[in-house]
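# Below are the sequence and a predicted model; questions follow.
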Amino acid sequence: MKALQCVELGMPDKLQVNDVPDPEVLPGHVLIENKAASVNFPDVLMIQGLYQFQPELPFSPGGESAGTIIEIGEGVESFEIGDRVFAMTGLGAFAEKTVAHENSVMKIPDTMNFETAAALPMTYGTSLYALKQRAELKEGETLLVLGAAGGVGLATVELGKAMGAKVIAAASTQEKVDLCKKHGANEVFIYPTGKLDRDQQKELSSKIKELTGGVGANVVYDPIGDCYSEPCIRATAWDGRYLVIGFAAGEIPKIPINLALLKGMKIVGVFWGAWVGMNPKENKSNFQELFNLHTEGKINPEVSDSFTLENGSSAIAHLKDRKAKGKVIITM
Ligand SMILES: NC(=O)c1ccc[n+]([C@@H]2O[C@H](COP(=O)([O-])OP(=O)(O)OC[C@H]3O[C@@H](n4cnc5c(N)ncnc54)[C@H](OP(=O)(O)O)[C@@H]3O)[C@@H](O)[C@H]2O)c1
């Protein structure tokens, strides 16, 4: 089969498309013929050796894919050959076939196409967990989403709206905030790119306060970190929840801890992958909720760009270069 491979750490242009043997189907596993896979920020980090876990070289990047089961391993009872599924493998999705443990595979509804199914698991899985289990977002609350036109960002805009929140979406360009409006954001604004100086940080806080009638945001969803985090924490409402999702803008910020005291607010860590490992049943029920929301038309993953497997390195470069809106897909 063909697979996109990382044979040496570095930028996406170092990736190669190679012919490799089909993966072995171990007991408890299934073999999936992939139709689509989606790119996530961890793929960008992993090929450079910057992710929190690092596979041995050579490896095929790609954390999630969707396709059809073509082989069943010993002991697997919940799947059959021909089932339409998505798989969250963390690795190996940018290939024609992926072997996956049955616990990381889910059947997808007949009404969901493979591109949507590949785009959904990590972004919507993370965001539903963040808003529901971690922030306990309530109807009528204000939700501020940073990096709102990115993968997890746009998923959060839609889910926040579906949960009855007033959604404020913030991103770096007009095109990106327009997309957030299209996906249901109540208010949008553009923030500057690059390192924000003190005045720009104050302006960011003031903008959020202005859009929340001086009260501040009840919940802040922050996948970008760096110099954007502190001004958002300063513009959080009393009893607010600030969700630590990721650091796409670069640095891990250091926050004056007295802000949590002064605002009676919580800084809440979100590590979806670890939670899934510890709570597989609750995660399945979250996905059932996501499937229902999709059937009802309340969520609709945006696939903005699609690349072939041969051109898979460009898909990863697209995300790295901040050009992605919604999800970037690789099709097989
Ligand atoms: N905690 C968890 O469980 C979990 C799960 C999934 C993902 N994540 C994390 O969430 C973050 C976003 O992931 P994603 O898949 O949504 O990525 P993505 O689609 O690339 O979106 C990231 C957004 O960050 C913004 N950004 C700001 N500065 C950037 C920079 N220097 N380079 C690139 N983007 C920059 C961009 O929006 P603007 O241009 O509008 O600023 C971009 O749309 C990553 O840090 C990822 O590791 C965490």
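Good, I have the coordinates.
# From now on I want contacts and neighbour counts done on CA atoms only, so please keep to that.
Noted.
# secondary structure class for residue 25?
Secondary structure, DSSP: H, G, I helix; E, B strand; the rest coil: residue 25 is coil.
# burial of it, as a residue count?
Residue 25: 17 surrounding residues under other CA atoms under 10 Å.
# can you give me phi and psi for the closest residue to it other than its chain neighbours?
Nearest residue to residue 25, sequence neighbours excluded (CA to CA, 6 or more residues apart in numbering): residue 73, at 5.6 Å. Backbone dihedrals for residue 73, given as degrees, to the nearest 10, come out at phi -80, psi 160.
# Next up, the contacts around the residue of the chain most remote from its centre.
Distance to the chain centre peaks in the chain at residue 74, reaching 32.1 Å (criterion: CA atoms, centre = their mean). Residue 74 is in contact with 26-29, counting by CA atoms under 8 Å, 6 or more residues apart in numbering.
# quick one, strands of the stretch 51-200 of the chain?
Under the criterion DSSP state E, counting those that start in this stretch, the stretch 51-200 of the chain contains strands at 64-72, 84-88, 97-101, 105-107, 142-145, 166-171, 187-190.
# In the sheet, which strands lie alongside the fifth one, parallel or antiparallel?
Going back to what we said before, that points to strand 142-145. strand 166-171 (parallel), strand 217-222 (parallel) (DSSP bridges).
# Buried deepest among these, which one?
Ranked by mean neighbour count under mean count of other CA atoms under 10 Å, the strands paired with strand 142-145 are led by strand 217-222, which reaches a mean of 28.
# Give me the distance between the helix or strand just after that strand and the centre of its chain.
Next helix or strand after strand 217-222 toward the C-terminus (DSSP states H and E): helix 229-234. Helix 229-234 sits 22 Å away from the centroid of its parent chain (CA atoms, centre = their mean, to the nearest Å).
# before we move on, what about stretch 310-324?
Remark: stretch 310-324 is offset 15 Å from the chain centroid, using CA atoms, centre = their mean.
# buried residues in it?
By 16 or more other CA atoms under 10 Å, the buried positions in stretch 310-324 come out as 310-320, 324.
# Equivalent analysis for stretch 113-121, please.
Under the neighbour-count criterion of 16+ other CA under 10 Å, stretch 113-121 has 114-121 buried.
# Please say whether there is contact between the top helix by length along the chain and the ligand.
When the chain is parsed with DSSP state H, its longest helix is helix 280-295. No: Helix 280-295 lies apart from the ligand when judged by CA under 6 Å from any ligand atom; the minimum separation is 12.8 Å.
# What is the subsequent helix or strand relative to that helix?
Next along the chain after helix 280-295, taking DSSP H and E as the criterion, comes strand 303-308.
# Buried ones in stretch 257-271, by neighbour count?
For stretch 257-271, burial by neighbour count (16+ other CA under 10 Å) applies to 259-260, 263, 265-267, 270.
# tell me the two of these that are most distant?
Pairwise distances across these peak at 20.4 Å for 263 and 270 (criterion: CA to CA).
# now stretch 117-137, how far from the centre of its chain.
8 Å.
# what's in contact with that stretch?
When contacts are defined by CA under 8 Å, 6+ apart, stretch 117-137 is touched by residues 36-38, 40, 64-66, 85-86, 88, 108, 151-152, 155-156, 159-160, 163, 165, 219, 241-243, 268, 270-272, 283, 286-287, 290, 301, 303, 327-329.
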